[in-house]
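A.B. asks: Below are the sequence and a predicted model; questions follow.
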Amino acid sequence: MAEAQAQAPSPEPILAVSASPAADLDATARGVHAAALAALPRASSARLHKLLKQQDPAEVWSQVVAGELPRWASSEDFADLWYRHARDCDLGALAEQLESLDAWVTTPVSPEHPPALVDDIDPAPILFRRGRVPDSGSPAVAIVGTRRCTPTGRSVAMELGAGLAEAGVTVVSGLALGIDGAAHRGALAAAAAPVVGVVGSGLDRVYPYRNLDLWDEVTASGTLLSEAPLGAEPEGWRFPARNRLLVALADVVVVIESKRAGGSMHTVEEAVRRDVVVMAVPGSVRNPAAEGTNLLLSEGCPPVCSTDDVLVALDLATAGTAAKDAGKAESPQANRVAQNSLNPLQKRLLQLLDDGPVSLDALVLRAASPVPEVLVAAEALERCGLLARDGSLVMRA
């Protein structure tokens, strides 16, 4: 499956010149007009869906510039607001901007528009995209979590992203710092199934800028998409709207480290609205970043302790097969342990870290061993990849 996806042809940019001018001109005009509509003030997805469900973007735009929106779509005052804005819109400059980004725009009449976002309870009528067309028939998993994750959470996200991609599953995430970015980096490192990144700003406004390289990598080997028009800044309200797209595109949502409130739990709410399965990675009761995930587990969400748990939820593996495969496979950490036998003090330090992150001073007190010996043992565990540092805290990796 992953090989078939990797060989699938990438879509031509919406402004590309090809041998069928008439069809491409229609697509180009539709994309540019849709981009202009998305940039109108207060052009909510619900309002645009109502308009584009019955008309082509070019037809709607012609009504906007004439100040003649149908009464069922908006009030006269609203039509006047759009009319004033449309007078200053340069469609040619917008077309050039799309072309410079190698971006394309889809609407419900476009073959490339995701069916899941057409039939969703809160549809997305206009999408700005870079990269390739994702396979709508491929299983997809959204991986979400806190931006302020622990090294353990980051490591788990990367492992899940890589394992799912190797199994032919499309990994969907929001390209944020923390868990989102780690999941995508893991999936990209696997170089298997394409990924999908959904962002909360215009495609010409990289946010967070520290993930610029990740935006480029996702575009090169998968799909980068946004509902926000070009030039849109990453305003706070755009991210809850972005979260519904993550859920609508996914068959399963996996939460890795989340507090009781925040973007990840909002994503969970959107999943519940759509009857999408929510799974959670267990965390230490002493880890504040795991309060939300542990709450989800207490409320009955299935736990994720390995990639196989998610594959079972997707019906890509049976519980018996997954358990058998899990018993055969050794993690990178297990391989490192086999090569570096631990002494009694190193083993005791790992046991003392089972309850979550602690300061190095607290670890020394718990170990009840000479400080130099504890420091040497901790450094050895860190070199083996079994211990991680997060600021002044140490924890199991």
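C.D. replies: Sure thing, it's come through. Residues are numbered from 1 along each chain as shown.
A.B. asks: and the gap between the closest residue to residue 220 other than its chain neighbours and residue 215?
C.D. replies: Spatial nearest neighbour of residue 220, excluding adjacent residues (CB to CB, 6 or more residues apart in numbering): residue 131 at 7.3 Å. Bear in mind the C-beta positions are built from the backbone N, C-alpha and C, glycine included. Per CB to CB, to the nearest Å, residue 131 is found 10 Å from residue 215.
A.B. asks: Identify the contacts common to these two.
C.D. replies: By the contact definition CB atoms under 8 Å, 6 or more residues apart in numbering, residue 131 and residue 215 are jointly contacted by residue 224.
A.B. asks: what about dumping the CA coordinates of the strand or helix carrying residue 264 to PDB?
C.D. replies: Using DSSP states H and E, residue 264 sits in helix 263-273. Only the C-alpha atoms of helix 263-273 are listed here, as PDB (Å, rounded to 0.1, in the frame of the first residue of the first chain):
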ATOM      1  CA  GLY A 263      -6.100  22.200  22.000                       C
ATOM      2  CA  SER A 264      -5.700  18.500  22.300                       C
ATOM      3  CA  MET A 265      -8.800  18.100  24.400                       C
ATOM      4  CA  HIS A 266     -10.700  20.400  21.900                       C
ATOM      5  CA  THR A 267      -9.600  17.900  19.200                       C
ATOM      6  CA  VAL A 268     -11.000  15.100  21.400                       C
ATOM      7  CA  GLU A 269     -14.400  17.000  21.600                       C
ATOM      8  CA  GLU A 270     -14.500  17.200  17.800                       C
ATOM      9  CA  ALA A 271     -13.700  13.500  17.500                       C
ATOM     10  CA  VAL A 272     -16.600  12.700  19.900                       C
ATOM     11  CA  ARG A 273     -18.900  14.800  17.800                       C
END
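A.B. asks: Show me what that helix packs onto, helices and strands only.
C.D. replies: strand 140-145, helix 238-248, strand 252-256, strand 277-280, helix 291-298 (3 or more CB pairs under 8 Å, 6 or more residues apart in numbering; DSSP states H and E).
A.B. asks: Mind giving me the packing neighbours of the fourth one?
C.D. replies: By that I understand strand 277-280. Under the contact rule (3+ CB pairs under 8 Å, 6+ apart), strand 277-280 is packed against strand 252-256, helix 263-273, helix 291-298, helix 307-313.
A.B. asks: again, only using 10 Å
C.D. replies: Other helices and strands packing on strand 277-280, by 3 or more CB pairs under 10 Å, 6 or more residues apart in numbering; DSSP states H and E, are strand 140-145, strand 252-256, helix 263-273, helix 291-298, helix 307-313.
A.B. asks: any idea how far the second one is from the chain center?
C.D. replies: Averaging C-alpha coordinates over strand 252-256 and over its chain gives two centres that are 10 Å apart (CA atoms, centre = their mean, to the nearest Å).
A.B. asks: Which residues does the residue nearest to residue 220 form beta bridges with?
C.D. replies: Beta bridges link residue 131 to residue 223, judged by DSSP bridges.
A.B. asks: In this structure it contacts residue 101, no?
C.D. replies: No: contact criterion CB atoms under 10 Å: residue 131 and residue 101 do not qualify, at 11.2 Å.
A.B. asks: Low-confidence stretches in the stretch 51-200 of the chain?
C.D. replies: Where the stretch 51-200 of the chain drops to pLDDT under 70, the residues are 71-76.
A.B. asks: From residue 358, how far out is the closest residue to residue 345 other than its chain neighbours?
C.D. replies: Closest residue to residue 345 in three dimensions, ignoring its sequence neighbours and counting by CB to CB, 6+ apart: residue 377, at 4.6 Å. Residue 377 sits 15 Å away from residue 358, taking CB to CB as the criterion.
A.B. asks: who's more crowded, the two?
C.D. replies: Neighbour tally, residue 377 and residue 358, criterion other CB atoms under 10 Å: the higher count belongs to residue 377, 23 against 18.
A.B. asks: Would you mind giving the domain segments of this structure?
C.D. replies: Following automatic domain parsing, the chain resolves into domains at 140-327, 332-396.
A.B. asks: Let me have the ones you listed in CSV, adding distance to residue 68 as columns.
C.D. replies: Formatted as CSV, the domains of the chain follow (distance: least, CB to CB, whole Å):
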stretch, distance to residue 68
domain 140-327, 23
domain 332-396, 59
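A.B. asks: that older thread, average model confidence for the helix holding residue 264?
C.D. replies: Helix 263-273 shows a mean pLDDT of 95.
A.B. asks: just stretch 283-299 next, same as before
C.D. replies: Across stretch 283-299, pLDDT averages out at 92.
A.B. asks: Would you mind measuring the gap between the ends of that stretch?
C.D. replies: Length of stretch 283-299, first residue to last, CA to CA, to the nearest Å: 15 Å.
A.B. asks: Name the residues of that stretch that are buried.
C.D. replies: 283-284, 287-297 (16 or more other CB atoms under 10 Å).
A.B. asks: who are the neighbours in contact with residue 341?
C.D. replies: residue 347 (CB atoms under 10 Å, 6 or more residues apart in numbering).
A.B. asks: my guess is it is in a strand, correct?
C.D. replies: No: applying DSSP: H, G, I helix; E, B strand; the rest coil, one finds residue 341 to be coil, outside a strand.
A.B. asks: just to revisit the earlier point, return the member of the buried residues of stretch 283-299 nearest to residue 236.
C.D. replies: Among the buried residues of stretch 283-299, residue 292 lies closest to residue 236 (CB to CB), at 19.2 Å.
A.B. asks: Would you tell me which one of the helices and strands packed on strand 277-280 is buried the most?
C.D. replies: Across the helices and strands packed on strand 277-280, averaging neighbours per residue (mean count of other CB atoms under 10 Å) puts strand 140-145 on top, at a mean of 30.
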